[in-house]
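Visitor: Predicted model and sequence follow; I will ask about them next.
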Amino acid sequence: MLLTGWSSARRWVSASPPWETAGYSFNALLTIQGLSLHDMVRTEMIRSLLAPVGHGLWSAVFGAVLFDRTVIGRARRGLLVLGTYLWVSLLHALWDSAHMIAVVLTLVWTGTPWQYDLLARGYLPRPTPAQAQLMSLLSNAGLVLIAVLGVATVERVRRRRVGPVATPTRPRDVGAHALRSG
């Protein structure tokens, strides 16, 4: 089932606009000091390394649960699909907001009075070099943590499978089998 979910996910991801990653790279390229090739390459490297445990993995998990026929009972199956959808949606939301969460945590932990004053006036303060490093570290650590949660989810879905899908037998098949073996 994971393979079915993953294939449908890869089909969807391959059909998504190619400029999504290019947009992240372009944003990293443009800085206040001018163009930063270093930031652009670093962004591409991080996104390339973490891509296999991002959108495709979450879609594979959801597809595996959606197409799984071992779950018995409509209510149980519906709750499992809904819970999985909410979980992979949360992972996706955390992935998309990892940088903003890092900015907020950095400001809460290391913010200075002048930075809080600028925020109160509606201006975005420039981070100190130490704050910029902490933001980068927290953002990347958040992405890695979300990736680990995604891989753990795949393992849980894989282990949840209790056996092969049972196919219902028709009464005449049972009789024919009994005649052949007797």
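Guide: Yep, it's here. Numbers count the residues shown, from 1 in each chain.
Visitor: From here on, just use CA atoms for contacts and neighbour counts.
Guide: Fine.
Visitor: Quick check: closest non-adjacent residue to the spatially most central residue of the chain.
Guide: Nearest residue to the geometric centre of the chain (C-alpha atoms, centre = their mean): residue 54, 4.0 Å. Among residues not flanking residue 54 along the chain, residue 147 sits closest, at 6.6 Å (C-alpha to C-alpha, 6 or more residues apart in numbering).
Visitor: got any ranges where this structure has weak pLDDT?
Guide: Of all residues in the chain, those with pLDDT under 70 make up the ranges 1-21, 161-182.
Visitor: what's the single longest helix in the protein?
Guide: Determined from DSSP state H, the single longest helix within the chain is helix 129-160.
Visitor: ok, and for that one, which residues are buried?
Guide: Buried residues in helix 129-160, counted by 16 or more other C-alpha atoms under 10 Å: 131, 134-136, 138-140, 142-144, 146-147, 150-151, 153-154, 157.
Visitor: Leaving out sequence neighbours, find the closest residue to residue 77.
Guide: In space, residue 77 comes closest to residue 71 once its chain neighbours are excluded; the distance is 5.8 Å by C-alpha to C-alpha, 6+ apart.
Visitor: how far away is that neighbour from residue 85?
Guide: 16 Å (C-alpha to C-alpha, to the nearest Å).
Visitor: Much appreciated, bye for now.
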